[in-house]
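Novice: sequence? don't have it. structure:
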């Protein structure tokens, strides 16, 4: 059996080596390293894939979130509601802009932001909601958009983990994750479903005026060289990373399908295990959907309910199976984001999840032998 990787980027590279090498070589030969043709071509191709009017490439996913908020004109003291159970980048940019983060609990089945908790947290100071499409599945965007419309709020999608996922609205329409809110941010970190070979990110919107503002912000506030019309930052996707992303984008649906197939095999193996809760999808519950892309499994995350999660992490490490705990500490308990407004009673689900979740290897190159070894090892340890 080949060595198990949490993310097998080299194995994926071998399948597209010729395209990637050719793309990078083309950039080197052109020497158009910043804002070159590869960046503009990738932008157009991603707009087509997402069926969205405007993609604004930038340097990384954290910048994408920050620039999205800057473009909306949010002011210091404005409240922004987001999930407590997510990576710190989501709340970090809120604090950096001197906005007020408002953390709320999540749904125990999907791990995504809880709608009732959002509604309870809205005040006259609330200006935006940031749903995080955690682990590869969209938050309940119908309900979030209804709340936003009712209270005149912006919706900023954190789409760093769900690119390529579909969201089926209650009226039957199907749209890509990241194309639903007022603006969206994504990351192209190497381990993402669509990842480059360094840092990269992008912002999406259908609002032409907002897109114009965002394009200025990413480039020092310039629309014309040395004319600074807005306060900006230096956040550009470089041409080599764009070239890599162009080589990968045509394969994104196949990559996501491979992840879903691996997830199906994992869940089948864990079927009827008393102390293991498998990921749920919004469409099929415990089943992994056969005919839609509602979950693209950036992570395959179990809940271990008998108190053995930490011991399982140790055991998997001993036998050569990498794993991750995303996330071990809620944001409301992080020193940087602690606030006397919060009580532990506000976060019963998050406080439970951080004791139970464990993410298993998930990537496009997993094979049946590896999955069988991983699942049998987990089952044997949890049940002993």
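Specialist: Happy to help now that I have it. These numbers were taken from a predicted model, which means no experiment stands behind them.

Novice: which ones are touching residue 208?
Specialist: 53, 54 (CB atoms under 8 Å, 6 or more residues apart in numbering). The C-beta positions use only the backbone N, C-alpha and C, and glycine is treated the same way.

Novice: quick check: the gap between it and residue 149.
Specialist: 20 Å (CB to CB, to the nearest Å).

Novice: over to residue 46?
Specialist: For residue 46 relative to residue 149 (CB to CB), the value is 27 Å.

Novice: can you tell me the closest non-neighbouring residue to residue 107?
Specialist: residue 114 (5.2 Å; CB to CB, 6 or more residues apart in numbering).

Novice: ok, that neighbour - contacts?
Specialist: Counted by CB under 8 Å, 6+ apart, residue 114 has contacts 104, 105, 106, 107, 349.

Novice: quick one: which of those sit in helices?
Specialist: Residues of the contacts of residue 114 located in helices (DSSP state H): residue 349.

Novice: include pLDDT and distance to residue 189 when you put the contacts of residue 114 into JSON lines, please.
Specialist: Below are those laid out as JSON lines (pLDDT from 0 to 100; distance: CB to CB, whole Å):
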{"residue": "104", "pLDDT": "98", "distance to residue 189": "25"}
{"residue": "105", "pLDDT": "98", "distance to residue 189": "26"}
{"residue": "106", "pLDDT": "98", "distance to residue 189": "22"}
{"residue": "107", "pLDDT": "97", "distance to residue 189": "25"}
{"residue": "349", "pLDDT": "98", "distance to residue 189": "26"}
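
Novice: between the contacts of residue 114, which is closest to residue 153?
Specialist: Lowest distance from residue 153 to the contacts of residue 114 (CB to CB) belongs to residue 104, with 13.7 Å.

Novice: regarding the closest residue to the closest one other than its chain neighbours, what are the backbone dihedral angles?
Specialist: With sequence-adjacent residues excluded and distances taken as CB to CB, 6+ apart, residue 104 is closest to residue 117, at 3.8 Å. Dihedral pair for residue 117: phi -70, psi -40, per degrees, to the nearest 10.

Novice: now residue 281
Specialist: phi -110, psi 150.

Novice: then residue 18?
Specialist: The phi/psi pair for residue 18 (degrees, to the nearest 10) is phi -60, psi -50.

Novice: distance of it from residue 24?
Specialist: In terms of CB to CB, residue 18 sits 11 Å off from residue 24.

Novice: re earlier: give me the more crowded residue out of residue 46 and residue 149.
Specialist: Per other CB atoms under 10 Å, whichever of residue 46 and residue 149 has more neighbours is residue 46, with 23 against 10.

Novice: wait, that one sits on residue 202?
Specialist: Yes - using CB atoms under 8 Å, residue 46 is in contact with residue 202, at 6.9 Å.

Novice: what's the overlap in contacts for these two?
Specialist: residue 55.

Novice: could you list the low-pLDDT ranges of the stretch 151-300 of the chain?
Specialist: 284-286 (pLDDT under 70).

Novice: strands of that one, residue ranges please.
Specialist: 154-158, 166-168, 174-176, 183-187, 201-205, 222-224, 227-228, 276-277, 300-304 (DSSP state E, counting those that start in this stretch).

Novice: just send those strands back as TSV, with mean neighbour count and distance to residue 97 too.
Specialist: As requested, these are exported to TSV (neighbours: other CB atoms under 10 Å; distance: least, CB to CB, whole Å):
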stretch	mean neighbour count	distance to residue 97
strand 154-158	26	12
strand 166-168	20	27
strand 174-176	16	27
strand 183-187	29	13
strand 201-205	29	15
strand 222-224	12	21
strand 227-228	12	19
strand 276-277	20	37
strand 300-304	23	30
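
Novice: let's have those strands in TSV, adding distance to residue 264.
Specialist: Output for the strands of the stretch 151-300 of the chain, formatted as TSV (distance: least, CB to CB, whole Å):
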stretch	distance to residue 264
strand 154-158	26
strand 166-168	17
strand 174-176	21
strand 183-187	25
strand 201-205	29
strand 222-224	48
strand 227-228	52
strand 276-277	15
strand 300-304	10
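
Novice: right, and those - which one's nearest residue 361?
Specialist: strand 300-304 (7.9 Å).

Novice: return the distance of the nearest residue to residue 367 once chain neighbours are set aside relative to residue 369.
Specialist: Nearest-residue entry for residue 367: residue 2, 7.7 Å, with adjacent residues in sequence omitted and distances by CB to CB, 6+ apart. Residue 2 sits 8 Å away from residue 369 when distances are taken as CB to CB.

Novice: swap in residue 280?
Specialist: Taking CB to CB, one finds residue 280 at 27 Å from residue 369.

Novice: hmm, back to that, higher neighbour count, residue 18 and residue 24?
Specialist: residue 24 (18 against 9).

Novice: so the more buried one makes contact with residue 240?
Specialist: Yes - counting by CB under 8 Å, residue 24 does reach residue 240; the two are 5.7 Å apart.

Novice: mind jotting down where the helices sit in the stretch 201-350 of the chain?
Specialist: 208-217, 239-248, 252-269, 309-318, 348-356 (DSSP state H, counting those that start in this stretch).

Novice: now the longest one: buried residues?
Specialist: Think helix 252-269. 252, 255-256, 258-260, 262-267, 269 (16 or more other CB atoms under 10 Å).

Novice: counting contacts, what elements does it pack onto?
Specialist: Under the contact criterion of 3 or more CB pairs under 8 Å, 6 or more residues apart in numbering; DSSP states H and E, helix 252-269 touches strand 300-304, helix 368-383.
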